[in-house]
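Undergrad: Take this sequence and fold it.
(chains A and B)
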Amino acid sequence: MDFREMMESQYRELLENYSKEQSEQALYSSQKLSRKIIENKVSPEEIISLHKSLLIEMHPEVPDYVLHSFDVLLEIMIAFGLAYREHQSLRHKQEELRSEMEIAANVQQTLLGTKVPEIEGLDIGAISIPAKHMNGDYFHFVLDENNNVSVAIADVIGKGIPAALCMSMIKYAMDSLPEHRKGPSYILENLNRVVEQNVDPSMFITMFYGMYNPETNILSYASAGHEPGFYYNAAKQEFTELIAKGLLLGVEKRTKYAEYQKEIFPGDMVILMSDGVTECRTDDGFIDRDTLMGYINKYIHLSAQEIVNRVFKDLEKLQHFQLRDDFTLIILKREV
Amino acid sequence: MNISIDVKEKDLLAEVSVQGEIDAYTAPKLRSTIFPLSEKDGVQMVVDLSGVNYMDSTGLGVFVGVFKNVKANNGQFKIVGLTERLQRLFEITGLADIIDINSQIEGGVQ
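TA: Below is the predicted model of the structure:
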């Protein structure tokens, strides 16, 4: 039996039962049938024709004016049927887009992939979670021949696909800088020129670039308008802001970036983040930077990777698991 | 869309007053409202953000874009009424050094 025959016989049965006894049970069965009808893409006007013909068959005495009223109803429902079919086809398109996005997100992950370097004496943890499919945050590690660890963390102003595309460009600009690694301010000045020339004038990038020398334990760093990170002083058990001034990448061609230095002692940490971390919205407003420090402090005895994972979980929970912005948190911890 | 934008224009002067939140959802509306104003040669634009309780980096992007366009058209661009929170955003990004943001706060709170 094909679906339409089955539908007709079930519909007839429902009408018969309900006209004998107006029970909840019969209505409930109608609901079940309607779901099946939708699944099988039967239009609303078809149901009305069916209803009308069954009514004539079961109750030949039915007055004409009732039957005529169905013609009006049928015409009215045609528009609903069209809207419904349009909805179906949009849903189909949406599915297609979704799967394309998933592929794009995978491609992006492969393109932007970075390996957290393993070097003796430095414990590194990193997490980066996009709010939507594609991540507008970016971080990158480089371990050079002298064992210096460089870390870049960046955020494209703007979200979603355009931001992600832009990030891929930055990554390649960074890769094509001279083999011989230069300092953070040199790198930012170069990237600034690339962004200024190539990116849409309303798209900007913030970036923090740090380079840690494990011989001297000095972190050199510079910032292009990036959310300031933190420095944790283990001896004093206190957090201070890692202040660095500098203009966003892509605003002015000849921008200079100041380079700063900080000596890192055993147990000290450098904490870097994207603004998705501090712009994290909760029911009571935004979490402030002190609160964030509180969360880090709570897990301070753990490894760097564990700290970033747990802080992310906690903040995610605070936002009811709805990230509004991409989230990136990186911790460098000098081992004791 | 939790934003309202009032524009008062007189000769070269364009006063924009924004109320609400500026984020990825409302920024396109802000941009399409104020960007055309920046096209006028010699425009003097003043944007009042005292009614804005939230702005993320998308909003900054709009203002930088408009700022650059105003400059390119020999105009002046000024932002007034920044809350402490927004002011911090302009300072971190280094924009406070190139955009005139509220003369009364200049050199003040740090």
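Undergrad: do stretch A:165-179 and chain B meet at all?
TA: No - using C-beta under 8 Å from any C-beta of the partner chain, stretch A:165-179 stays clear of chain B, with a minimum separation of 11.4 Å. (C-beta placed from N, C-alpha, C; glycine too.)
Undergrad: Let me see the contact set for A:Met269.
TA: Going by C-beta atoms under 8 Å, 6 or more residues apart in numbering or on different chains, A:Met269 touches A:Phe230, A:Tyr231, A:Tyr232, A:Ala234, A:Ile300, A:Ala304, A:Ile331, A:Leu332, A:Lys333, A:Arg334.
Undergrad: Would you confirm that the first one belongs to a strand?
TA: Yes - checked against DSSP: H, G, I helix; E, B strand; the rest coil, A:Phe230 lies within a strand.
Undergrad: So among the contacts of A:Met269, which ones count as buried?
TA: Applying 16 or more other C-beta atoms under 10 Å in any protein chain shown to the contacts of A:Met269, the neighbour count classes A:Phe230, A:Tyr231, A:Tyr232, A:Ala234, A:Ala304, A:Ile331, A:Leu332, A:Lys333, A:Arg334 as buried.
Undergrad: Count the neighbours of the closest residue to the fourth one other than its chain neighbours for me.
TA: Think A:Ala234. Excluding its sequence neighbours, the residue lying closest to A:Ala234 (C-beta to C-beta, 6 or more residues apart in numbering or on different chains) is A:Gly267, at 3.1 Å. Neighbour count of A:Gly267, defined by other C-beta atoms under 10 Å in any protein chain shown: 15.
Undergrad: Tell me who's in contact with A:Gly267.
TA: By C-beta under 8 Å, 6+ apart, the contact set of A:Gly267 is A:Ala234, A:Ala235, A:Lys333, A:Arg334, A:Val336.
Undergrad: Farthest pair within these?
TA: Across these, no pair lies farther apart than A:Ala235 and A:Lys333, at 14.2 Å, counting by C-beta to C-beta.
Undergrad: Sort the contacts of A:Gly267 by pLDDT and name the bottom one.
TA: Among the contacts of A:Gly267, A:Val336 has the lowest pLDDT, at 83.
Undergrad: And it, how far from A:Ile56?
TA: Going from A:Val336 to A:Ile56 by C-beta to C-beta, to the nearest Å gives 89 Å.
Undergrad: quick one: which of these two has more around it?
TA: A:Ile56 (14 against 10).
Undergrad: which strands and helices sit next to whichever helix or strand A:Ser49 is part of?
TA: Following DSSP states H and E, one finds A:Ser49 within helix A:44-58. If you count contacts as 3 or more C-beta pairs under 8 Å, 6 or more residues apart in numbering or on different chains; DSSP states H and E, helix A:44-58 packs onto helix A:3-20, helix A:64-112.
Undergrad: try it again with 10 Å
TA: Applying 3 or more C-beta pairs under 10 Å, 6 or more residues apart in numbering or on different chains; DSSP states H and E, we find helix A:44-58 packed against helix A:3-20, helix A:24-39, helix A:64-112.
Undergrad: hang on, the residue nearest to A:Ala234 is in a strand, isn't it?
TA: No - A:Gly267 sits outside any strand when classified using three-state DSSP, being coil.
Undergrad: any idea how far it is from A:Arg310?
TA: With distances taken as C-beta to C-beta, A:Gly267 is found 19 Å from A:Arg310.
Undergrad: what's the pLDDT at residue 100?
TA: No chain was given, so I picked chain A. Reading off the model, A:Glu100 has pLDDT 87.
Undergrad: right idea, wrong chain: chain B
TA: With respect to pLDDT, B:Asp100 scores 91.
Undergrad: who does the nearest residue to A:Tyr232 once chain neighbours are set aside bridge with?
TA: Closest residue to A:Tyr232 apart from its sequence neighbours, by C-beta to C-beta, 6+ apart: A:Met269 at 3.9 Å. For A:Met269, the beta-bridge partners are A:Tyr232, A:Lys333 (DSSP bridges).
Undergrad: how near is A:Met269 to A:Glu215?
TA: Note on A:Met269: its distance to A:Glu215, by C-beta to C-beta, is 19 Å.
Undergrad: mind listing what the longest strand seen in chain B pairs with, with the direction of each?
TA: Secondary structure of chain B read by DSSP state E shows that its longest strand is strand B:44-55. The pairing partners recorded for strand B:44-55 under DSSP bridges are strand B:13-22 (parallel), strand B:76-80 (parallel).
Undergrad: Tell me which of those strands sits nearest to A:Asn198.
TA: strand B:76-80 (24.1 Å).
Undergrad: and B:Ile105, what pLDDT?
TA: 42.
Undergrad: contacting residues for A:Arg306?
TA: Quick fix: residue A:306 is Glu, not Arg. Residues near A:Glu306 by C-beta atoms under 10 Å, 6 or more residues apart in numbering or on different chains: A:Asp123, A:Gly125, A:Tyr299, A:Ile331.
Undergrad: Could you check which helix or strand contains it?
TA: Here A:Glu306, judged by DSSP H and E, is contained in helix A:304-318.
Undergrad: Would you mark the buried spots in that helix?
TA: A:Ala304, A:Gln305, A:Ile307, A:Val308, A:Asn309, A:Arg310, A:Val311, A:Phe312, A:Leu315, A:Leu318.
Undergrad: With stretch A:110-125 instead?
TA: So stretch A:110-125, judged by 16+ other C-beta under 10 Å, has buried residues A:Leu112, A:Pro117, A:Leu122, A:Asp123, A:Ile124, A:Gly125.
Undergrad: Return the list of helices and strands in contact with the longest helix along chain B.
TA: Looking across chain B with DSSP state H, the single longest helix is helix B:57-72. Applying 3+ C-beta pairs under 10 Å, 6+ apart, we find helix B:57-72 packed against strand A:149-156, helix A:275-278, strand B:13-22, helix B:27-34, strand B:44-55, strand B:76-80, helix B:84-92.
Undergrad: Determine which of these approaches A:Tyr84 most closely.
TA: With C-beta to C-beta, the closest approach to A:Tyr84 among the helices and strands packed on helix B:57-72 belongs to helix B:27-34: 30.3 Å.
Undergrad: Helix B:57-72 and that closest one, what's the angle between them?
TA: 20 degrees (axes from the mean of the first three to the mean of the last three C-alpha atoms, to 10 degrees).
Undergrad: and helix B:27-34, what's its mean pLDDT?
TA: Average pLDDT, helix B:27-34: 91.
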